[in-house]
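Engineer: Test case, fold it:
(2 chains)
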Amino acid sequence: MKVFELVRNRAGFSWLLLVAATILSWALGAEHGTGSLVAVVVLAIAALKVRLVGLDFMELRHAPIALRAVFEFYCLAVWAVLSGLYLWL
Amino acid sequence: MTAPTVRRVPGESGTWVFLFGDMVVFGVFFVTFLVERAKAPEVFDVARRTLHIGVGVTNTLVLLTSSLCVVIAMGAIRSGLKSIATKALYAAIGCGLLFIGLKVFEYVALGSAGHGPGANNFYLYYFILTGLHLLHVCIGLAVLGLLVTQSRRDELSETRMALVEGGACFWHLVDLLWIFLFALLYLVS
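Structural biologist: This next block holds a predicted model:
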């Protein structure tokens, strides 16, 4: 079927990874105390998921380097800032 | 030897100024939320556990699936498969409506349990952040409606194609923002 041909690509594989990562972060993050390093891991999984959405759904993987770099920097910066605030505030 | 990949901007360049602007604004909201959390981490942790995590996970999967439908639609439009493109966009719209339905269910459940926006700062931020995101979902649904009309055309000019790509990216932005919100509100706080 033609629909399956349209998902048998990198974006389709990314969707599978995104679903798996969602389940993983749920399993890891639902029960943890405050100040736990688990939160940093959960935020990292979220940032990696956002990166996949950008690269494979928004088609930034083949965008000009500058545009892709700004996006990847955003993912990294959000993870670093939120993790820092969580641990040190 | 394989041909080098041609790098191109998806949609109009101006669209990306808007998308990044929105991402930065939400980034500031995330920071504000964690600063507020630091003042009463135990209160936030107790409040977090009253959220319906199953609904949060389901909504994440619903938005991810809607994004995949939009990816399918874009591929179909480029291949001239109009019928598949339109159906995939309707499926994405269906997912968006399901997201709204589940969110309303959550709001009502929280409100009736006495966890309205006035209960404490966690709930205040929860309603503001998810409310702003819900507004994006509604705008996104209108954008997807516009994309349906374009998917029925026999051929799209370069300008129209850029408009369609920009619209698709806006829907993915809705998905992207929710990924961070889900982690922050349901898992981290």
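Engineer: what are the ranges of the strands in chain A?
Structural biologist: For chain A, no strands are identified by DSSP state E.
Engineer: Mind listing residues that contact the helix of greatest length in it?
Structural biologist: Secondary structure of chain A per DSSP state H: the longest helix is helix A:65-88. Outside of helix A:65-88, the residues within contact range by CB atoms under 8 Å, 6 or more residues apart in numbering or on different chains are A:35, A:39-40, A:43-44, A:46-48, A:50-51, A:54-55, A:58, A:60-61, B:7, B:9, B:16, B:20, B:23-24, B:27, B:30-31, B:34-35, B:37-38, B:180, B:184, B:188. (Glycine included, C-beta is placed from N, CA and C.)
Engineer: Show the buried residues in the residues you listed.
Structural biologist: For the contacts of helix A:65-88, a burial check counting by 16 or more other CB atoms under 10 Å in any protein chain shown picks out A:39-40, A:43-44, A:46-48, A:50-51, A:54-55, A:58, A:60-61, B:9, B:16, B:23, B:27, B:30, B:34, B:37, B:180, B:184, B:188.
Engineer: For residue 15, which non-adjacent residue is closest in space?
Structural biologist: All of this refers to chain A. Nearest-residue entry for residue A:15: residue B:68, 4.5 Å, with adjacent residues in sequence omitted and distances by CB to CB, 6 or more residues apart in numbering or on different chains.
Engineer: could you do chain B instead?
Structural biologist: residue B:166 (3.8 Å).
Engineer: mean confidence for the strand or helix carrying the one you found?
Structural biologist: For residue B:166, the host element (DSSP states H and E) is helix B:158-182. Taken as a whole, helix B:158-182 has a mean pLDDT of 97.
Engineer: what packs against that helix?
Structural biologist: Helix B:158-182 is packed against helix A:38-52, helix B:13-39, helix B:53-78, helix B:121-151, with contacts defined by 3 or more CB pairs under 8 Å, 6 or more residues apart in numbering or on different chains; DSSP states H and E.
Engineer: one more time with 10 Å
Structural biologist: If contacts are counted by 3 or more CB pairs under 10 Å, 6 or more residues apart in numbering or on different chains; DSSP states H and E, helix B:158-182 sits against helix A:10-29, helix A:38-52, helix A:65-88, helix B:13-39, helix B:53-78, helix B:82-112, helix B:121-151.
Engineer: quick one: which of these is nearest residue B:172?
Structural biologist: helix B:53-78 (5.4 Å; CB to CB).
Engineer: Mind listing what's buried along the closest one?
Structural biologist: Those would be B:53, B:56-57, B:59-60, B:62-77, for helix B:53-78 by 16+ other CB under 10 Å.
Engineer: what's the angle between it and helix A:10-29?
Structural biologist: 170 degrees (axes from the mean of the first three to the mean of the last three CA atoms, to 10 degrees).
Engineer: quick check: angle from helix B:53-78 to helix B:158-182?
Structural biologist: Here helix B:53-78 runs at an angle of 170 degrees relative to helix B:158-182 (the same axes, to 10 degrees).
Engineer: ok, residue B:157 - how many residues close by?
Structural biologist: For residue B:157, the neighbour count with other CB atoms under 10 Å in any protein chain shown is 9.
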